[in-house]
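A.B. asks: Provide a 3D model corresponding to the input given below.
(2 chains)
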Amino acid sequence: MSPPALIRTVALTKRYPGVTALDRVDFDLRAGEVHVLFGENGAGKSTLISLLAGVSAPSDGEILVRGHHARFTGVADARAAGISAVFQEFSLVPTLTVAENLFLGDEPRAGPFLDRKAMRRKAAALFADLDFAIDPGRLVATLSRAEQQMVEIAKALHGEVGILILDEPTASLTDREVDHLFAVIARMKARGVGIIYISHRMQEFARIADRVTVLRDGRWVGTVAMADTSEAALLEMMAGRAIAEVYPTIARHPGPALLRVEGLHAWGVHGVDLELRPGEVLGVAGLVGSGKSRSFRALMGLLPVHAGRVTLKGVDVTGADTGALMRAGACYVPPDRKTEGLQLAFTTRHNLAQGVLAGSGSRFGLLPWRRIRKRCEATADRVELPVAYRGRPVAQLSGGNQQKTLFGRALGRDYDLYIFDEPTVGVDMGARAAIYRLIRELAEAGKAVVVISSDLPEVMNLAHRLLVFAHGRIAAELDGDGIGEAAVLAHFFDPIPAIPTPDEARLPA
Amino acid sequence: MSATSSAAPGPAGPAGVVPATTSVRLRAMSRALFIRLGVLPFFLVAALVVFGLASDNFLTVDNLVNVARQSVYLVLVSLGQMMVLITGGFDLAVGATVALTSVVSALVMASLGTVLPDAVAPVIALGALAGFAAAALVGLANGAGVAWFGVSPFIMTLGVSSVAAGGSLFLTGGVPVSGLPPQFADLFGFGRWLGIPVPVLVAAVAIAVIWVIMTRTRTGAHLYAVGGNIKAAKLSAINTRRTLIVAYVLCALIAALTGLLLTARVESGEANLGGTIALESIAACVIAGVSLRGGIGRVETVVLGAFFIVLVQNGMNLAQIGSYLQMVLLGGLLILAVIFDQLRYRMMMGA
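C.D. replies: Here you go, the predicted structure:
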């Protein structure tokens, strides 16, 4: 008889209004193993770990910890059961110091008072144990993203931890830091800690994974031993079909440059030159903080431009406001549909109407509602939004339908240039395919299309031309068959160039 | 950006070098000071210079001691306000809480005083207790509304403020409550101990206690964490709802203490005490570098901020600026402080 699993879930289910995020999932974690959760964005990985870490409560099903039923009413319960999680969105307080953050919610005390000396001592000991070189007295706001990630991991590891959950821990780390993290993981494994590991980077699995569980659209697809599987097999399990079927082939008929950027400087952008051509999909890849999104936000008037020149159809639009750029034919679709994209309380129709309103003139100051309504319906058909959802508040829709609405709004007017920032975050397979079809339709109709994405297979498969950003600059431009995972990843971690003087920074990368 | 460009060595002649570097250093220093402490040190120096020039009586020991005594009430309320601001909310009900405490405690003292004319100490204690209890209810209502029902602090405390203010007017019919034990006013309003006014002593003890809470206890650490990033706090197993409620209750209790001291000072329970103190306490906090986004604020500087507001009022009185115009100037000062707070936040996050 083997000992009971550290964690076992039985038919675990989580329903949100309008969407079942996790549907009867069985999962188990053994002591001393690294169990990878693999799946698309929106497949239910984050939901699963949020249930295991006590962040939210399941709608149905059970969680067993070391063979005992567990009902977590909060993170504190899960921590008491020895479950500790590092989430993708950092649970650090930027206005506090590293040491204060490490012990947040579990501060060492001497009598009724905080024991700051013990805090500093323990923090130093913890960092020494993990071999992290970070001063515990620093303010978290002043740390780099990689350092914040280190602190986050250290925070999860203090105290008695039997189960460690890591959600995309390497997303902002360099190769050397990843090696370091893996060494820490190996040590934890040796101590019998069970580790649930979420990542999109398949090349990492071979190095650390013992087993892999694949989720798709909230359902369990399969659990396999890493030794018995291959990358291709995992990808197919993830997508539910051969990967070639997901991504359409997009015809490329580039025209003369539509938009030209020279020496663009903005906050976090240090000299970017690029050209957008109609009839072509430009992919943009890079880590968080590489400036990939910021460059386009700056040229769209969403961030102040410090220096450089942007011309659209030969007209200088440097620093123009977003409204003017939209009237000139450029449209930016933001990455976060909830905070920047949609009016969550409005119905789908009214959201689509906003897109139409952006372009339509009014007669005698009155809105031509009948015409607007007709165009909204046409757009909704085009983005394949089910009729039943069109009168519902957007907040109740699934991520995929929300994203379709967001795209529909951008299609409410005929733009010449579309910039899609993270177009498929948290979107199911069906909606993803629909969105890719729209991207193809636009590009083949002679629009200039930009796809900015952290999802590497996505940008690599859609793009005709691919820009790789690192440290606020373009580290590489790959074209056609030159686009490959190894080539892209190699440039993610290009060393930081020597501190540029304003003149040097204007040189093309 | 501007700091780096101004720090770059220019082709200046040797004669220009020395003053240039000192001015650069001065600018860098004031920039660092501004980021650390906010706009207060600059405002304070400006006020001392302006009013010192405007009136000969301003920079005298007597006047400054007087300002210290007058500022006790605002200092206390501002510290309570600071706790709520640090959690990312604010409390517009502090003024009404002061009034309610005054009325309730005065009513209890006056009615008990007629029944038990000889037991002065218990009468005062029970009256004060009743005042604190009423204030605690106000704080609980605010905290519960914000933490449990997710009402925005603005609406919640505005509504509660109306309830509390209306309640105190209802209880008194708008007439001051008199008949308090004279010992109450003698001790807490005008008393001295070792030559120091009792209200100042009470405030000193309160400041010390609040400082300990904010810097040396878990409660304080959690208040900062909730305001700094409430999601992170929740994920760190902090009971964020309880923490928010604690903030509003502590704020109300400190307002109650202020209400009692003011009641002793005016020797009656009055429903119109604390009329402008909500705005003034927020102004004091913001000027003292408490961030309206939460997570940032220090006890020492808030004490100084409240002192500054009273100092400006005193200076304007000495400079014979009318009270109507004073309102205009104070409002302008508050807006200016908020603008500087915005700048400071950008410098902190973007520098």
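A.B. asks: Enumerate the positions of stretch A:487-495 that are buried.
C.D. replies: Using 16 or more other C-beta atoms under 10 Å in any protein chain shown as the test for burial, stretch A:487-495 gives A:488, A:491, A:492, A:493, A:494. Where you see a C-beta, it was placed from the backbone N, CA and C, and this is true even at glycine.
A.B. asks: what's around residue A:193, how many residues?
C.D. replies: As a burial measure, residue A:193 scores 21 neighbours (other C-beta atoms under 10 Å in any protein chain shown).
A.B. asks: Nearest spatial neighbour of it, chain-adjacent residues omitted?
C.D. replies: residue A:164 (5.6 Å; C-beta to C-beta, 6 or more residues apart in numbering or on different chains).
A.B. asks: partners of the helix or strand where that neighbour lies in the sheet?
C.D. replies: For residue A:164, the element it lies in under DSSP states H and E is strand A:163-167. For strand A:163-167, the pairing partners within the sheet under DSSP bridges are strand A:83-86 (parallel), strand A:194-198 (parallel).
A.B. asks: Just after that strand, pick out the following helix or strand.
C.D. replies: Moving toward the C-terminus from strand A:163-167, the next helix or strand (DSSP H and E) is helix A:175-190.
A.B. asks: Remind me what that following helix packs against, helices and strands.
C.D. replies: If you count contacts as 3 or more C-beta pairs under 8 Å, 6 or more residues apart in numbering or on different chains; DSSP states H and E, helix A:175-190 packs onto helix A:145-157, strand A:194-198, helix A:202-208.
A.B. asks: for the last one, packing partners?
C.D. replies: With contacts defined as 3+ C-beta pairs under 8 Å, 6+ apart, the secondary structure elements packing on helix A:202-208 are strand A:34-38, helix A:175-190, helix A:231-239.
A.B. asks: from the buried residues of stretch A:487-495, which ones fall inside helices?
C.D. replies: A:488, A:491, A:492 (DSSP state H).
A.B. asks: Can you tell me the closest non-neighbouring residue to the last one?
C.D. replies: If you skip the residues right next to it in sequence, residue A:492 has residue A:287 as its closest partner in space, 5.6 Å away by C-beta to C-beta, 6+ apart.
A.B. asks: wait, is residue A:274 part of a strand?
C.D. replies: Yes - secondary structure of residue A:274 (DSSP: H, G, I helix; E, B strand; the rest coil): part of a strand.
A.B. asks: contact partners of stretch B:33-46?
C.D. replies: Here stretch B:33-46 makes contact (C-beta atoms under 8 Å, 6 or more residues apart in numbering or on different chains) with B:30, B:287-289, B:301, B:304-305, B:308, B:311, B:333, B:336-337, B:340-341, B:344, B:347-348, B:351.
A.B. asks: At the geometric centre of chain B, which residue do we find?
C.D. replies: Central residue of chain B (C-alpha atoms, centre = their mean): residue B:78, 0.9 Å from the mean position.
A.B. asks: you'd agree it is in a helix?
C.D. replies: Yes - according to three-state DSSP, the state of residue B:78 is that of a helix.
A.B. asks: need the contact list for it.
C.D. replies: B:280, B:281, B:284, B:285, B:288, B:302, B:303, B:305, B:306.
A.B. asks: Going by contacts, tell me the helices and strands next to the helix or strand containing the last one.
C.D. replies: Using DSSP H and E, residue B:306 falls within helix B:299-318. Based on contacts counted as 3+ C-beta pairs under 8 Å, 6+ apart, the elements that helix B:299-318 packs against are helix B:40-54, helix B:61-86, helix B:198-216, helix B:277-287, helix B:323-350.
A.B. asks: Make sure residue A:450 is actually in contact with residue A:276.
C.D. replies: Yes - under the criterion of C-beta atoms under 8 Å, residue A:450 makes contact with residue A:276 at 6.4 Å.
A.B. asks: Now for those two: what residues contact both?
C.D. replies: A:282, A:417.
A.B. asks: quick one, phi psi at the nearest residue to residue A:274 once chain neighbours are set aside?
C.D. replies: Of all residues not flanking residue A:274 in the chain, residue A:261 sits nearest, at 4.9 Å (C-beta to C-beta, 6+ apart). Note on residue A:261: backbone dihedrals following degrees, to the nearest 10 are phi -120, psi 130.
A.B. asks: For residue B:65, grab the count of nearby residues.
C.D. replies: Neighbour tally, residue B:65, other C-beta under 10 Å: 13.
A.B. asks: nope, residue B:256 is what I was after
C.D. replies: Count around residue B:256 with other C-beta under 10 Å applied: 30.
A.B. asks: thought it was touching residue B:102?
C.D. replies: No - using C-beta under 8 Å as the test, residue B:256 is too far from residue B:102 to be in contact (9.1 Å).
A.B. asks: any low-confidence regions in chain B?
C.D. replies: Where chain B drops to pLDDT under 70, the residues are B:1-20, B:349-351.
A.B. asks: For it, which residues are neighbours of chain A?
C.D. replies: Within reach of chain A by C-beta under 8 Å from any C-beta of the partner chain, chain B has these residues: B:1, B:5, B:212, B:215-218, B:220-222, B:224-225, B:227-229, B:231-239, B:291, B:295-296, B:348-350.
A.B. asks: What are the buried residues along stretch B:225-245?
C.D. replies: Those would be B:225-230, B:232-240, B:243-245, for stretch B:225-245 by 16+ other C-beta under 10 Å.
A.B. asks: Then stretch B:27-41?
C.D. replies: B:34, B:37, B:38, B:39, B:40, B:41.
A.B. asks: Can you tell me which of those is closest to residue A:115?
C.D. replies: Nearest to residue A:115 among the buried residues of stretch B:27-41 is residue B:37, at 27.4 Å by C-beta to C-beta.
A.B. asks: How much space separates the closest one from residue B:297?
C.D. replies: Using C-beta to C-beta, to the nearest Å, one obtains 11 Å as the distance from residue B:37 to residue B:297.
A.B. asks: With residue B:86 instead?
C.D. replies: Between residue B:86 and residue B:297 the computed distance is 5 Å (C-beta to C-beta).
A.B. asks: overlap in contacts of those two?
C.D. replies: Contacts common to residue B:86 and residue B:297, judged by C-beta under 8 Å, 6+ apart, are residue B:290.
A.B. asks: which of the buried residues of stretch A:487-495 lies closest to chain B?
C.D. replies: The closest of the buried residues of stretch A:487-495 to chain B turns out to be residue A:494 (C-beta to the nearest C-beta; 23.3 Å).
A.B. asks: and the spatially closest residue to residue A:55 that is not a sequence neighbour, how many neighbours?
C.D. replies: Spatial nearest neighbour of residue A:55, chain neighbours left out: residue A:75 (6.2 Å); criterion: C-beta to C-beta, 6+ apart. When neighbours are defined as other C-beta under 10 Å, residue A:75 has 23 of them.
A.B. asks: Now do the contacts for residue A:75.
C.D. replies: Taking C-beta under 8 Å, 6+ apart, one finds A:53, A:54, A:55, A:105, B:234, B:235, B:236, B:237 in contact with residue A:75.
A.B. asks: wouldn't the third one be in contact with residue B:235 here?
C.D. replies: Yes - counting by C-beta under 8 Å, residue A:55 does reach residue B:235; the two are 6.7 Å apart.
A.B. asks: what sits in contact with each of the two?
C.D. replies: Common neighbours of residue A:55 and residue B:235 (C-beta under 8 Å, 6+ apart) are A:75, A:85.
A.B. asks: Quick one: residues contacting residue B:267.
C.D. replies: Contacts of residue B:267 (C-beta under 8 Å, 6+ apart): B:178, B:180, B:182, B:185, B:189.
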